[in-house]
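Peer 1: Sequence below, structure please.
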Amino acid sequence: MSGAGVRVRFAPSPTGFFHVGSARTALFNWLFARGREGTFLLRIEDTDAERNRPEWIDMILTSMRWLGLDWDGDPVFQSERSALYRKAADRLFEEGHAYYCTCTREEVEARTKDNATPGYDRFCRDRGLGPESGGALRFRTPHEGSTTVTDLVRGAPVFEHAAIEDFVVMRSNGTPIFILANVVDDVDMAITHVVRGEDHLPNTPKYLLLWAALGGGDVPAFAHLPLLVNDRRQKLSKRRDKVALEDYREQGYLPSAMVNYLALLGWAPGGDREFLTVEELVAEFRLEEVNNSPAFFDEKKLAHFNQHCVAALPVAEFVAAAEKWLPPHVDRSAFETLAPLVQERVKVLSEVPDMVEFLFTDTVVFDEKSWEKRVVRGASAAEILDAALVEYASCEWQAEVLHDTTAAIGERFGLGLGKAQFPIRVAVMGRDVGPPLFESLVVLGRERTLDRLRRARERLAAGQD
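Peer 2: Numbers count the residues shown, from 1 in each chain. Prediction:
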């Protein structure tokens, strides 16, 4: 199906942080709809009042907007559609597709503990109970036959009815189970494609049985996306892995990098390309090209994507994006001078302060590992600092001149430029990594540079006594 007839929905539950797997599902739905001029709907499945939180709904909406995944129309909230679910449940009962059951979990377990097949034993199936019983409503699953799921990713898996218990569709308190609300809403919203995670596949035969019982018409096409796994090929878990989209956002990942990377978890464009714009993703994404193997969510690869996207920003946009992470005392004009050099070296925006803090403080805070390795144990560190104090006092204060001067100091002690500049870098920045040294010294200024060299030399001397 193509064109405006395509209607998909993203249906998260507001029961926790916004999972990167949920973000990938939302993205694939959005790409599929936008690439076919279809409709992308947002449906908040908030029927579980005990687990839902308003702040988690806000988090879903904020995260979607941050990713740039705009939805059509207003969000739909299942908590406002209880009358539809009640009507569907009544119809299932009246037409003989469902029955009321008063069994408790303990009673079922006591009766079935020795059964070879676990699950509900259909005890109340023919008892003729009605709504007045106060029981839960169970779907009357056929004893025989099977249901085949036609899936764009999985092929055509077959589910035997004998392995599907008479599942609950309405709790005894009158609230719908996920599967009933899911089917009712998809019928009502005329959904044409159900694109969701692989973990929902076992529910799909129940979905199809309910769909048929409710006379839903043409069945949606299904696409169950591969699971996201960690480096041990275990399903991503919020208890074990970094999975909250908000954490990546707060760390300084760009939405463009996150969207680009998530799009490649289970799908790939033609050729060996990795970096694609949103426009390219929309134009090229195909559901039928999604593979069914678990997709490795690699934080290092994501950081690589982010570094690429950060480096590609116009400098003015980089400065604006980094603003959130800069401390209040930072001189913005000085930062803007050094910004292009910082931009080339950070993977995430939260690294920016450490790169530039040395410019905006009078007291250098030394990274002790850098100090020990590059100064205390550094070859000729004392001589290099002494020579730099002399040469830097009178040389022209330009990056090229400082570069050549430092190279000459290194030659004097049989060192290349790389090793010669390390003690100077640690002396002025407090660490052995950062933006290019000589451009940084120009921004820092001669007097502040000399002062830091003297202090570092005194610290080194004190430690050698």
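Peer 1: Run through the chain and note the low-pLDDT ranges.
Peer 2: 1-4, 464-465 (pLDDT under 70).
Peer 1: ok, now with 50
Peer 2: 1-3, 465 (pLDDT under 50).
Peer 1: so where's the longest helix in it?
Peer 2: helix 446-464 (DSSP state H).
Peer 1: other SSEs contacting that one?
Peer 2: Counting contacts by 3 or more CB pairs under 8 Å, 6 or more residues apart in numbering; DSSP states H and E, helix 446-464 packs against helix 381-392, helix 417-429. Quick note: C-beta positions are derived from backbone N, CA and C, even for glycine.
Peer 1: Tell me which of those helices sits most buried.
Peer 2: helix 417-429 (a mean of 23; mean count of other CB atoms under 10 Å).
Peer 1: got the angle for that helix vs helix 381-392?
Peer 2: For helix 417-429 against helix 381-392, the angle by axes from the mean of the first three to the mean of the last three CA atoms, to 10 degrees is 80 degrees.
Peer 1: got the buried residues for the very next helix or strand once past helix 417-429?
Peer 2: For helix 417-429, the following helix or strand on the C-terminal side (DSSP states H and E) is helix 437-444. Of the residues in helix 437-444, 437-444 count as buried by neighbour count, 16 or more other CB atoms under 10 Å.
Peer 1: likewise stretch 150-166?
Peer 2: For stretch 150-166, by 16+ other CB under 10 Å, it's 151-154, 157, 159, 164-166.
Peer 1: Could you pull up phi and psi at residue 229?
Peer 2: Per-residue torsions, residue 229: phi -130, psi 160 (degrees, to the nearest 10).
Peer 1: Tell me which of the helices and strands packed on helix 446-464 sits nearest to residue 109.
Peer 2: Of all the helices and strands packed on helix 446-464, helix 417-429 sits nearest to residue 109, with 65.4 Å by CB to CB.
Peer 1: Remind me what the closest one packs against, helices and strands.
Peer 2: With contacts taken as 3+ CB pairs under 8 Å, 6+ apart, helix 417-429 sits against helix 381-392, helix 399-412, helix 437-444, helix 446-464.
Peer 1: Of all the ones you listed, which one comes closest to residue 13?
Peer 2: helix 437-444 (48.9 Å).
Peer 1: what residues does that closest one touch?
Peer 2: The contact list for helix 437-444 (CB atoms under 8 Å, 6 or more residues apart in numbering) reads 334, 337-338, 341, 358-359, 397-400, 402-403, 406, 421, 424-425, 428-429, 434, 449.
Peer 1: count of residues packed around residue 446?
Peer 2: 15 (other CB atoms under 10 Å).
Peer 1: Inside strands: which ones of the buried residues of stretch 150-166?
Peer 2: Within the buried residues of stretch 150-166, residues falling in strands by DSSP state E are residue 159.
Peer 1: just the buried members of the contacts of helix 437-444?
Peer 2: Buried among the contacts of helix 437-444 (16+ other CB under 10 Å): 338, 341, 358-359, 402-403, 406, 421, 424-425, 428-429, 434, 449.
Peer 1: Take these and lay them out in JSON lines including distance to residue 375.
Peer 2: JSON lines is the format used below for the buried ones among the contacts of helix 437-444 (distance: CB to CB, whole Å):
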{"residue": "338", "distance to residue 375": "23"}
{"residue": "341", "distance to residue 375": "23"}
{"residue": "358", "distance to residue 375": "15"}
{"residue": "359", "distance to residue 375": "20"}
{"residue": "402", "distance to residue 375": "19"}
{"residue": "403", "distance to residue 375": "21"}
{"residue": "406", "distance to residue 375": "15"}
{"residue": "421", "distance to residue 375": "12"}
{"residue": "424", "distance to residue 375": "10"}
{"residue": "425", "distance to residue 375": "10"}
{"residue": "428", "distance to residue 375": "12"}
{"residue": "429", "distance to residue 375": "12"}
{"residue": "434", "distance to residue 375": "15"}
{"residue": "449", "distance to residue 375": "16"}
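Peer 1: Would you mind checking which of these is nearest to residue 458?
Peer 2: Checking the buried ones among the contacts of helix 437-444 one by one against residue 458 (CB to CB), the nearest turns out to be residue 428, at 14.4 Å.
Peer 1: Name the nearest residue to the closest one, ignoring sequence neighbours.
Peer 2: Leaving aside its sequence neighbours, residue 428 sits nearest to residue 452 (CB to CB, 6 or more residues apart in numbering; 4.6 Å).
Peer 1: That neighbour against residue 365, yeah?
Peer 2: No. At 11.8 Å, residue 452 does not count as touching residue 365 under the criterion of CB atoms under 8 Å.
Peer 1: Tell me which of those two has more neighbours.
Peer 2: When residue 452 is set against residue 365 and neighbours are counted by other CB under 10 Å, the residue ahead is residue 452, at 22 against 11.
Peer 1: hang on, the earlier thing: of all the helices and strands packed on helix 446-464, which one is nearest residue 258?
Peer 2: Judged by CB to CB, the one of the helices and strands packed on helix 446-464 that comes nearest to residue 258 is helix 417-429, at 30.4 Å.
Peer 1: what's stretch 22-31 in contact with?
Peer 2: Residues from elsewhere that reach stretch 22-31 (CB under 8 Å, 6+ apart): 8-10, 12, 40, 63-64, 67, 69, 195-197, 223, 225, 228, 245, 258-259, 262-263, 265-267, 281-282, 285, 287, 290.
Peer 1: Please apply the same query to stretch 298-307.
Peer 2: Here stretch 298-307 makes contact (CB under 8 Å, 6+ apart) with 231, 242, 248, 252-254, 257-258, 260-261, 274-275, 346-348.
Peer 1: do the same with stretch 362-374
Peer 2: With contacts defined as CB under 8 Å, 6+ apart, stretch 362-374 is touched by 358, 381, 422-423, 425-433, 452, 455-456.
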